[in-house]
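Undergrad: Could you look at this predicted model? Sequence included:
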Amino acid sequence: MPDLPGIEVATADNLPPIDDKIVVVVGDRELAERLGAAYMSDEEISKFIEFLKDELARAVLPA
């Protein structure tokens, strides 16, 4: 996963507190359900990150 500001990557064995955070679990639907978090597959998160990069570039770069 690319290094993106504001995105923290954790493992199931080393979860930080998730209160007041947007949480997306990648590749482990059971963990997402236990945490009450969103779930995405590896492919879905890759596409989502590319979408965010494109949108950020449009917002930052002048037309």
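TA: In hand now; what should we look at?

Undergrad: Excluding covalently adjacent residues, which one is nearest to the residue nearest the centre of the chain?
TA: The chain has residue 24 as the residue nearest its centroid, 5.1 Å off, counting by C-alpha atoms, centre = their mean. Among residues not flanking residue 24 along the chain, residue 38 sits closest, at 4.6 Å (C-beta to C-beta, 6 or more residues apart in numbering). Glycine gets a C-beta too; all of them are placed from N, C-alpha and C.

Undergrad: Against which helices or strands is the lowest-mean-pLDDT helix or strand in the chain packed?
TA: Least confident helix or strand, the chain: helix 42-60 with a mean of 88, by mean pLDDT, DSSP states H and E. For helix 42-60, the elements it packs on are strand 24-26, judged by 3 or more C-beta pairs under 8 Å, 6 or more residues apart in numbering; DSSP states H and E.

Undergrad: Which neighbouring elements make contact with the strand it packs on?
TA: Using 3+ C-beta pairs under 8 Å, 6+ apart: strand 24-26 touches helix 29-35, strand 38-40, helix 42-60.

Undergrad: What residues of the longest one count as buried?
TA: It refers to helix 42-60. residue 45 (16 or more other C-beta atoms under 10 Å).

Undergrad: one step back: enumerate every residue touching the residue nearest to residue 24.
TA: Neighbouring residues of residue 38 by C-beta atoms under 8 Å, 6 or more residues apart in numbering: 22, 23, 24, 25, 32.
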